[in-house]
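[1] predicted model and sequence follow; I will ask about them next.
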Amino acid sequence: MKIALLTALVILISSVAHAESEIDETLKSMDIIDENYVYINTALAADFFRFLNDEQAQSSPKSTNKSIKIESVEMTPYFGHTSTTYTVPLTANEKSQLIQDLSSVEMLQNFCVATFIPYKYMAANNVTFSYLYYDQDGQPLTSIIMNNDTCHDALNQ
């Protein structure tokens, strides 16, 4: 059950944080990135992500199911983060297992494949994306940090 929840979370966050490769296409069409996906107008990129953040904030927080709520998603040209809360009570053992599962190489590989690699502008500009997890009391559980180096290392294990 926990693996199913984690997999659902990866899929959900990828659809929330990114709208498929439409972001790459939109950034290209707005002359924010070049044909190699590298920023050519960072001021316009900052405006673009500010607009996305404003749109996202209007519908945040988002309950994804009875156990998980995405509190916020924010992005800048070089950094992004998602804050997620587990809304169900967790025993100490469940918290420990959840932290272990979220911190696993397999989970990082899944996140890289689902939410980093498909977006070419992220790799081309060495964007760092973090996923922050909290328990129902707002206490930090763990975080996942993705960028070119962490995804390369995870995928080559």
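    That came in fine, so what should we check first?
[2] when you work out contacts or count neighbours from here on, use the C-alpha atoms and nothing else.
    Noted.
[3] show me where pLDDT drops low in the chain?
    1-20, 63-64 (pLDDT under 70).
[4] let me see the ranges of the helices in it.
    For the chain, the helices defined by DSSP state H cover 2-17, 22-29, 42-58, 92-102, 105-115, 120-124, 148-155.
[5] list the buried residues for the fourth one?
    Buried residues in helix 92-102, counting neighbours by 16 or more other C-alpha atoms under 10 Å, are found at 98, 99, 101, 102.
[6] for residue 131, state which of those residues is nearest.
    Residue 131 lies nearest to residue 102 out of the buried residues of helix 92-102, by C-alpha to C-alpha, at 9.9 Å.
[7] how near is residue 110 to residue 26?
    Shown here: residue 110 relative to residue 26, a distance of 25 Å by C-alpha to C-alpha, to the nearest Å.
[8] of these two, who's got more company?
    Using other C-alpha atoms under 10 Å as the criterion, residue 110 and residue 26 rank with residue 110 on top: 19 against 13.
[9] about what we covered before: could you dump the buried residues of helix 92-102 to a markdown table with distance to residue 73?
    Converted to a markdown table, these look like this (distance: C-alpha to C-alpha, whole Å):
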| residue | distance to residue 73 |
| --- | --- |
| 98 | 21 |
| 99 | 21 |
| 101 | 22 |
| 102 | 18 |
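[10] closest one of those to residue 22?
    For these, the nearest to residue 22 is residue 102 (27.4 Å; C-alpha to C-alpha).
[11] list the contacts for that closest one?
    The neighbourhood of residue 102, defined by C-alpha atoms under 8 Å, 6 or more residues apart in numbering, consists of 6, 108, 142, 143, 144.
[12] now with 10 Å?
    Going by C-alpha atoms under 10 Å, 6 or more residues apart in numbering, residue 102 touches 3, 6, 96, 108, 131, 133, 141, 142, 143, 144.
[13] okay but the fifth one is in contact with residue 140, surely?
    No: between residue 131 and residue 140 no contact is recorded; they are 11.2 Å apart, counting by C-alpha atoms under 10 Å.
[14] find residues that contact each of the two.
    With C-alpha under 10 Å, 6+ apart, residue 131 and residue 140 have common neighbours residue 84.
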